[in-house]
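Visitor: this is a predicted model, with the sequence first.
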Amino acid sequence: MKIAVIYWSGTGNTEAMANAVLEGAKDAGADAQLFTCSDFNLATADSFDGFALGCPAMGAEELEDSEFLPFYNDLKSSLAGKKVALFGSYGWGGGEWMKLWEADCFTGAPVKACESVISEEAPSDDVLAQCKELGAAVSK
């Protein structure tokens, strides 16, 4: 399996989660690569078997809208039939942004690899372990 772990991070919390997802995918035997959303080449999306996408909650519990949201909207059409998992962090609220993102992402044709992983503020050891499991799940 060839997996892309793609994220946006403002404080480093979602980046730490992305690194754990990458580790889990590699430990599961996947050819996994880590990208920020601005570094991912959308023209290569079809060459990946699965995607782990990470973005923190911003503003009123929304996806980051200057870089990640436009990238995600462009990527969505490439997710059909692919395994996809979502992760991210938040600083306040109850994680509503993830519920909205899941509803948007999995209404189409992607295959939900596993439950999403969210972290309030910096990820704990338990959350990082969940991120590794997410990486393994998207790799199977």
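Guide: That came through, no problem. Residues are numbered from 1 along each chain as shown.

Visitor: list the contacts of the residue most central in space within the chain.
Guide: The chain has L53 as the residue nearest its centroid, 1.8 Å off, counting by CA atoms, centre = their mean. With CB atoms under 8 Å, 6 or more residues apart in numbering as the criterion, the residues that contact L53 are I6, Y7, Y72, L75, V84, A85, L86, F87, C105. Any C-beta I mention is one placed from the backbone N, CA and C, and that applies to glycine too.

Visitor: how far off centre is the longest strand along the chain?
Guide: Here the longest strand in the chain is taken by residue count, with DSSP state E as the criterion, and it is strand 83-90. The chain centroid and the centroid of strand 83-90 are separated by 4 Å, computed with CA atoms, centre = their mean, to the nearest Å.

Visitor: other SSEs contacting that strand?
Guide: helix 13-27, strand 50-54, strand 57-58, helix 96-105, strand 111-112, strand 117-120, helix 125-138 (3 or more CB pairs under 8 Å, 6 or more residues apart in numbering; DSSP states H and E).

Visitor: starting at the chain centroid, how far to the following helix or strand past the first one?
Guide: Per DSSP states H and E, helix 13-27 leads on to strand 31-36 as the next helix or strand towards the C-terminus. Between the centre of strand 31-36 and the centre of its chain there are 11 Å (CA atoms, centre = their mean).

Visitor: and for stretch 133-140?
Guide: With CA atoms, centre = their mean as the basis, the mean position of stretch 133-140 lies at 11 Å from the chain mean.

Visitor: do the same with stretch 105-123
Guide: Worked out by CA atoms, centre = their mean, stretch 105-123 lies 7 Å from the chain centre.

Visitor: partners of the longest strand of the chain, with directions?
Guide: The partner list of strand 83-90 in its sheet, established with DSSP bridges, is strand 50-54 (parallel), strand 111-112 (parallel), strand 117-120 (parallel).

Visitor: now do it against helix 125-138, angle only.
Guide: The directions of strand 83-90 and helix 125-138 differ by 160 degrees, with axes from the mean of the first three to the mean of the last three CA atoms, to 10 degrees as the criterion.
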